[in-house]
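Student: Show me how the following folds:
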Amino acid sequence: MAFELNLAHMSISDLLEKAAEKNELIYVRERQRDLGKTASLIQLARENNCPILMNRNVASDYQYMHPDLEFIAYYD
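Tutor: Predicted coordinates for the structure are as follows:
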């Protein structure tokens, strides 16, 4: 099961915490941009000392910007 990014009922941070508790993925549609998803994810990873699973095309860029975090690159 995956959660859909729907901000009508909860914030991004709340949705991330809920998904983390249930060990679920969050499905983000292609045009959902500039909502603060990545910033919230980075904050959650810092607070919980956990890695971030991210598309390989951008994972190395974020690893460079945030060397204190672990980014795991995935392939489609």
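Student: where do the strands sit along this structure?
Tutor: Chain-ordered strands for the chain, with DSSP state E as the definition, fall at 2-4, 25-27, 52-55, 71-74.
Student: Distance to Glu17 and mean pLDDT for those strands - can I get that in TSV?
Tutor: Yep, even glycine has a C-beta here, placed from its N, CA and C like the rest. Output for the strands of the chain, formatted as TSV (distance: least, C-beta to C-beta, whole Å; pLDDT from 0 to 100):
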stretch	distance to Glu17	mean pLDDT
strand 2-4	11	60
strand 25-27	11	72
strand 52-55	15	88
strand 71-74	20	91
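Student: possible to save these as TSV with mean neighbour count and distance to Ala39?
Tutor: Written out in TSV, the entries for the strands of the chain read as follows (neighbours: other C-beta atoms under 10 Å; distance: least, C-beta to C-beta, whole Å):
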stretch	mean neighbour count	distance to Ala39
strand 2-4	12	18
strand 25-27	13	14
strand 52-55	15	12
strand 71-74	14	15
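Student: Switch these over to a markdown table; also include distance to Asp61.
Tutor: Supplementary listing: the strands of the chain in a markdown table, determined by distance: least, C-beta to C-beta, whole Å:
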| stretch | distance to Asp61 |
| --- | --- |
| strand 2-4 | 25 |
| strand 25-27 | 21 |
| strand 52-55 | 9 |
| strand 71-74 | 9 |
